[in-house]
Structure formats: structure tokens, C-alpha cells
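1. The amino acid sequence is not available; the structure is as follows:
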């Protein structure tokens with residue numbers, strides 16, 4: 001039997017008359033406007049337990065409620081606006097399937113939209129699909145988005161789709177343990193700080209994680225598979241990226257663009273397309289103990305990037321280990337280079353000779369790509385032979401003064417993926 005407004009009011013009145021001050025668990029069965037009426041009549045702190053079935057969306061929550069679909073309830077939007085809008089603190093949305101938001105970027109139509117009043121909102125263990133945006137954290141402090149599956153639409157060009165999770169001016173927001181597919185960017189964060197994005201999985205997207213003007217944040221334990229770009233840190237300071245994996249991302253695995261004072265540590269970029277790691281006008285960063293493998297270019301390092309510590313990384317099987325475009329010389333120390341034929345007479349794990357990954361011909365080829373037609377010519381071969389025999393002829397650029405003899409191992413997730421791919 002459907003829970004009508006009358007029976008709901010009777011139950012609520014009985015609770016109040018009995019003098020019970022604590023929140024109530026209220027069961028709601030599907031029916032026309034059943035969820036809308038239940039939300040209207042519930043008291044702050046109540047939990048609405050939705051029975052299996054379909055419910056009307058377009059809800060605006062203005063009081064602290066918990067809505068628990070128990071993994072069986074489906075809330076369908078009206079095709080306009082967001083399916084659920086949270087406009088109050090301490091709201092919990094859990095165990096629902098949420099579909100059919102509007103399609104307006106101007107109003108950021110979403111499966112769940114949080115306003116700046118949605119302090120400490122929790123969106124957990126939901127199936128969110130067929131919406132323009134998955135979850136919009138719009139000014140809500142200390143929000144949590146956890147354990148959801150968010151599947152965006154594929155009904156328009158990728159750049160015109162919405163993001164899986166959009167974070168704007170939401171300090172303390174945490175996005176963890178979600179699976180995000182399709183749409184535009186998995187997580188897009190803009191003008192925010194102190195955010196945490198951990199243990200998420202991203203597929204079939206433009207960017208897995210896209211940072212713009214977002215400082216003092218943590219990105220760790222995420223996996224990006226087959227996206228155009230894995231992790232883009234742009235115009236941001238003091239971001240920590242640790243133990244993330246990029247597998248077969250098409251353009252870049254990790255991109256640092258005007259990213260400063262970041263820690264990029266223990267990440268693995270494997271089997272990418274164009275560039276594993278792209279460093280552009282990025283300064284005072286620590287890039288340490290990363291595995292860079294199987295790309296056309298291992299690291300593209302541009303002028304305007306200075307005072308970066310690059311150490312302990314493994315550059316394995318990249319067609320070109322470094323593309324270096326700068327007039328300055330840089331010394332990197334203690335990285336592994338798979339194309340460095342070296343000896344270690346004293347057995348300390350460090351090669352006996354420094355490694356220069358590029359020569360004068362490489363610099364010509366970077367600035368004049370058409371010169372690749374001459375790669376097999378006797379003149380080019382003579383120049384390269386001369387440089388190998390007389391190191392004083394080598395230009396400046398990148399020098400690793402203590403190259404390692406062995407690389408560190410791939411993370412287990414990357415090893416399993418690589419084995420399945422072969």
C-alpha cells in the first residue's frame with residue numbers, strides 16, 4: 001500500500017505525541033508523488049527508506065534528511081534541471097539510481113546538485129547515469145562523493161558533455177572510490193582548495209582529473225584507462241599526486257601546466273600514446289619515483305620550467321625518452337634509462353657514467369620536424385658518431401649525473417593490465 005500524505009502525517013504526529021525527540025526511519029513505497037510528499041512532511045534528521053520501484057525526481061531538499069534507496073529505488077528526473085538538489089546541510093543520498101536530468105550547461109543539470117548550503121553532504125553508493133553532469137559540488141564545503149558509479153551520456157561531442165563530478169569553490173570536498181565513465185572530464189575542479197580525490201577509476205573520458213586554479217589538494221590511488229589525457233594539473237600550487245596509474249591514455253598520462261610546488265611521486269604511466277609526462281612552465285616541483293613506460297615521448301620538458309627535482313624515475317621503452325625544448329641546462333639525478341648502456345663496476349646500483357639522453361641532432365629534429373627525412377643520411381650518422389666518440393661535442397640540455405642501473409617495479413594494477421593486453 002502506498003504511503004499517502006495522510007498516513008505519513010499520522011505516523012509523524014504519533015511520533016511527536018509520544019515525545020520521541022530522535023530522528024525517525026520512515027518507509028516510503030512508490031506511487032504518484034510519493035517521494036515528493038514524504039520529503040515535504042519529514043522532519044530534519046529523518047531517514048526515508050525507499051522500497052523497490054520508481055519515484056519522481058526534481059526534488060529540492062531544504063532540510064537535513066537521509067534518503068536511502070537500499071539499492072532498489074530509481075529516482076527519475078523530469079528532463080529539466082537536476083534530479084536531486086541539496087540546499088541544506090547534512091543531507092545523505094544513498095543507494096539510489098538517479099537518471100534523466102536536464103541538458104543545460106548554464107544551470108549545470110546533474111544527477112545530484114549541491115548548493116553552497118549543502119555543508120557536509122554525502123552522496124554514496126548510487127548509480128548515476130543518463131544525466132548531463134553526475135554530481136555538482138557547487139560551493140558546498142566538506143562534501144563527500146563516495147562509491148558511486150557515474151556514467152555520462154555519449155549523445156553529443158565529448159567537449160559538449162558534462163563532467164562526472166564538478167567541483168567549484170568547495171573546500172574540503174572528497175571524491176573517493178567512484179567509477180566514472182563517458183561524459184567530458186571525470187573530475188573537473190575549478191577555483192577550489194584542500195580537495196581529496198582518491199581511489200577512483202576513469203574510462204572513456206577527455207581528462208580523468210582536470211585541475212584549474214585549485215591549490216593544496218591530494219590526488220592519489222586513482223586509475224585512468226584509455227582517456228584522452230589522464231591527470232592535468234593546471235594553474236595550481238601544492239598539489240600532491242601519488243600512486244596514480246595512467247594506462248593507454250591517448251595524448252598525455254600526466255600534464256603539469258603552470259603547476260608549481262607539486263609533489264608527483266610513485267605514479268605509473270604505461271602504454272600511452274603521444275607523451276607520458278608533459279611539463280610546461282612548471283616550477284619547483286618534485287617529480288620522484290614514477291614509472292614512465294611505452295610512450296612516443298617519455299617526458300616533454302619545456303623552457304620556462306625551472307628548479308624541478310627529477311629523481312628516482314624509471315624511463316622504460318619510450319621511443320624518445322626526453323623531448324627537451326629550452327636553452328638552459330638541467331641536471332637530473334638518479335633516474336633509470338632503459339636505453340643507457342652502462343656499467344656498474346663497484347656494484348652500488350649507479351652507472352659509472354653520466355647519461356645524456358639527447359644530442360645535437362635531436363634538438364634539430366625537435367625544432368625542424370621535416371629534418372626526419374635525413375635520419376638515415378651519412379651526414380647525420382657522422383655527427384652522431386662524432387658526438388659519441390668525443391663527448392665534448394655534445395650540447396647542453398638534460399644530464400643525469402647518477403643514472404640508476406635498475407628500474408623499480410610496476411604497480412600490481414599496471415602489471416596485470418599490461419599482461420592482459422599482451
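-> Structure's in. What do you need? Not measured: the values here are computed from a predicted model.

2. So what touches stretch 51-61?
-> For stretch 51-61, contacts defined as Cβ atoms under 8 Å, 6 or more residues apart in numbering pick out 27-30, 32-36, 39, 67, 70, 72-78, 80-88, 91, 98, 100. (C-beta placed from N, C-alpha, C; glycine too.)

3. looking only at pLDDT, what's the mean for it?
-> When pLDDT is averaged over stretch 51-61, the result is 97.

4. Now the spatially closest residue to residue 314 that is not a sequence neighbour: which helix or strand?
-> Excluding the flanking residues, the one nearest residue 314 by Cβ to Cβ, 6 or more residues apart in numbering is residue 407, at 3.4 Å. Residue 407 is part of no helix or strand, with elements assigned from DSSP states H and E.

5. list the contacts for residue 407?
-> The contact partners of residue 407, by Cβ under 8 Å, 6+ apart, come to 291, 314, 316, 336, 338.

6. What number of residues are in the vicinity of residue 227?
-> A total of 26 residues lie near residue 227 under the criterion other Cβ atoms under 10 Å.

7. what's it sitting at in phi/psi?
-> The phi/psi pair for residue 227 (degrees, to the nearest 10) reads phi -90, psi 170.

8. Okay, it and residue 247: tell me how far apart.
-> Applying Cβ to Cβ, to the nearest Å, the value for residue 227 to residue 247 is 9 Å.

9. Equivalent analysis for residue 303, please.
-> 30 Å.

10. Tell me which of these two has more neighbours.
-> Set residue 303 next to residue 247 and count neighbours by other Cβ under 10 Å: residue 247 wins out with 23 against 12.

11. how close does the more buried one get to residue 294?
-> Counting by Cβ to Cβ - residue 247 and residue 294 are separated by 10 Å.

12. any common contacting residues for the two?
-> Contacts common to residue 247 and residue 294, judged by Cβ under 8 Å, 6+ apart, are 270-271.

13. Show me the helices in the stretch 251-400 of the chain, by range?
-> 360-367, 378-389 (DSSP state H, counting those that start in this stretch).

14. So, low pLDDT: which residues of the chain?
-> When residues are selected by pLDDT under 70, those of the chain lie in 1-22, 326-327, 358-396, 422.

15. switch the cut-off to 50
-> 1-21, 361, 366, 384, 389-394 (pLDDT under 50).

16. Show me the longest strand that occurs in it.
-> Identified as the longest strand of the chain according to DSSP state E is strand 66-76.

17. after that strand, next one along is what?
-> With DSSP H and E, the next secondary element past strand 66-76 is strand 84-86.

18. Give me the buried entries from the contacts of residue 407.
-> 291, 314, 316, 336 (16 or more other Cβ atoms under 10 Å).

19. Hmm, residue 294 and the second one touching each other?
-> No. Applying Cβ atoms under 8 Å, one finds residue 314 not in contact with residue 294, separated by 11.6 Å.

20. List the buried residues of stretch 346-353.
-> Buried residues in stretch 346-353 (16+ other Cβ under 10 Å): residue 351.

21. What is the distance between it and the centre of its chain?
-> 38 Å (Cα atoms, centre = their mean, to the nearest Å).

22. Contacts for it next, please.
-> For stretch 346-353, contacts defined as Cβ under 8 Å, 6+ apart pick out 334, 340, 342-345, 402-406.

23. first to last residue in it, what's the distance?
-> One end of stretch 346-353 sits 12 Å from the other (Cα to Cα, to the nearest Å).

24. so what secondary structure elements neighbour the helix or strand encompassing residue 232?
-> Residue 232 is part of strand 229-234, with elements assigned from DSSP H and E. With contacts taken as 3 or more Cβ pairs under 8 Å, 6 or more residues apart in numbering; DSSP states H and E, strand 229-234 sits against strand 207-215, strand 252-257.

25. Return the distance of it from the chain's centre.
-> What separates the centre of strand 229-234 from the centre of its chain is 7 Å, taken as Cα atoms, centre = their mean.

26. and the gap between the residue nearest in space to the middle of the chain and residue 233?
-> Nearest to the mean C-alpha position of the chain, by Cα atoms, centre = their mean, lies residue 209 at 2.6 Å. Plainly put, residue 209 is 8 Å away from residue 233 if you go by Cβ to Cβ.

27. Same check on residue 277?
-> Counting by Cβ to Cβ, the gap from residue 277 to residue 233 is 11 Å.

28. partners of the next helix or strand after the strand holding residue 232 in the sheet?
-> Next in sequence after strand 229-234, counting helices and strands by DSSP H and E, comes strand 240-242. Next to strand 240-242 in the sheet, as set by DSSP bridges, lie strand 218-220 (parallel), strand 263-265 (parallel).

29. Any of the contacts of stretch 346-353 buried? List them.
-> Neighbour-count burial (16+ other Cβ under 10 Å) is assigned, among the contacts of stretch 346-353, to 334, 340, 402-404.

30. which among these gets closest to residue 323?
-> Distance to residue 323 across the buried ones among the contacts of stretch 346-353 (Cβ to Cβ) is lowest for residue 340, with 17.1 Å.
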